[in-house]
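Asks: After the sequence you'll find the predicted model.
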Amino acid sequence: MPAGLLASALIFHAAILQGLGSYLVRSEPPRKSDIAVVLGGDAYGGRILKAAELVRQGYAPLALISGPDGFYGYHECDLAIPFAEKAGYPESYFLHVEHEATSTEEEAQVIVAELRRRGVHHVLLVTSDYHTRRAGKIFRHAAPEMIFDVVESPDFYFTPQGWWHSREGRKTFALEWSKTVAEWVGM
């Protein structure tokens, strides 16, 4: 590696790493919608609490909570909704949708079918910040007739400005980038 390139990488490494982390985040401000959808895969509850706040603020009348299987014999939605209730949000805010999907693409197929059944046209898609770009692309491809505003929920460990400072942040970054690249090459 030429010395100039190595020196540039050392000098600008934080900006490069921040740029790579920022690429994953593509969210929009919330707008009045038919429903909020909380994607599965959040072990800390940030996604459901963000959606509950959007419902409370009047952006959507209801939040559909995706519920993949595999959490000690429970579906994620069956644990997430009581978590949000404990935080002060009424159960009436939430609709749980249990399923067996194991990827965002499979989850999109299940959720889009439910949205179509309900006649939904405009969706607030709530997911972790690092997942917004890929999730938005997948859902828009699965239902081009619908409008998806992707709303970010801050992740407990990942921030575009410093994901490389924690082990969990690095793992989140590596996993999301591997999924992004896999999608690019059609895997």
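Replies: Ah, there it is. The structure presented is a predicted model; accordingly, all values stated were derived computationally and were not measured.
Asks: Run through this protein and note the low-pLDDT ranges.
Replies: Residue ranges of the chain with pLDDT under 70: 1, 3-11.
Asks: My read is that residue 151 contacts residue 54, right?
Replies: Yes: with contact defined as C-beta atoms under 8 Å, residue 151 reaches residue 54; the gap is 6.8 Å. For the C-beta atoms, the positions are set from N, CA and C on the backbone; glycine is no exception.
Asks: mind checking the longest strand of this protein?
Replies: In the chain, assigned by DSSP state E, the strand with the most residues is strand 63-71.
Asks: Paired strands for that one, with orientation please.
Replies: strand 35-38 (parallel), strand 74-75 (antiparallel), strand 94-99 (parallel) (DSSP bridges).
Asks: what comes into contact with the longest one?
Replies: I take that to be strand 94-99. Under the contact criterion C-beta atoms under 8 Å, 6 or more residues apart in numbering, strand 94-99 has outside partners 48, 52, 62-69, 75, 77-78, 81, 84, 107, 110-111, 114.
Asks: Would you mark the buried spots in it?
Replies: Neighbour-count burial for strand 94-99 flags 94-97, 99 (criterion: 16 or more other C-beta atoms under 10 Å).
Asks: Dump stretch 110-126 to CSV, keeping only the CA atoms.
Replies: Below are the C-alpha coordinates for stretch 110-126, written out as CSV (Å, rounded to 0.1, in the frame of the first residue of the first chain):
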residue,chain,number,x,y,z
VAL,A,110,-46.2,-11.5,5.2
ILE,A,111,-46.7,-7.9,6.2
VAL,A,112,-47.6,-6.7,2.7
ALA,A,113,-50.2,-9.4,2.4
GLU,A,114,-51.8,-8.1,5.7
LEU,A,115,-51.6,-4.5,4.6
ARG,A,116,-53.3,-5.3,1.3
ARG,A,117,-56.0,-7.2,3.1
ARG,A,118,-56.6,-4.1,5.2
GLY,A,119,-56.7,-1.8,2.2
VAL,A,120,-53.6,0.2,3.4
HIS,A,121,-52.0,2.7,1.1
HIS,A,122,-49.6,4.8,3.2
VAL,A,123,-47.3,3.1,5.8
LEU,A,124,-44.9,4.3,8.4
LEU,A,125,-42.3,1.6,8.4
VAL,A,126,-40.5,1.7,11.7
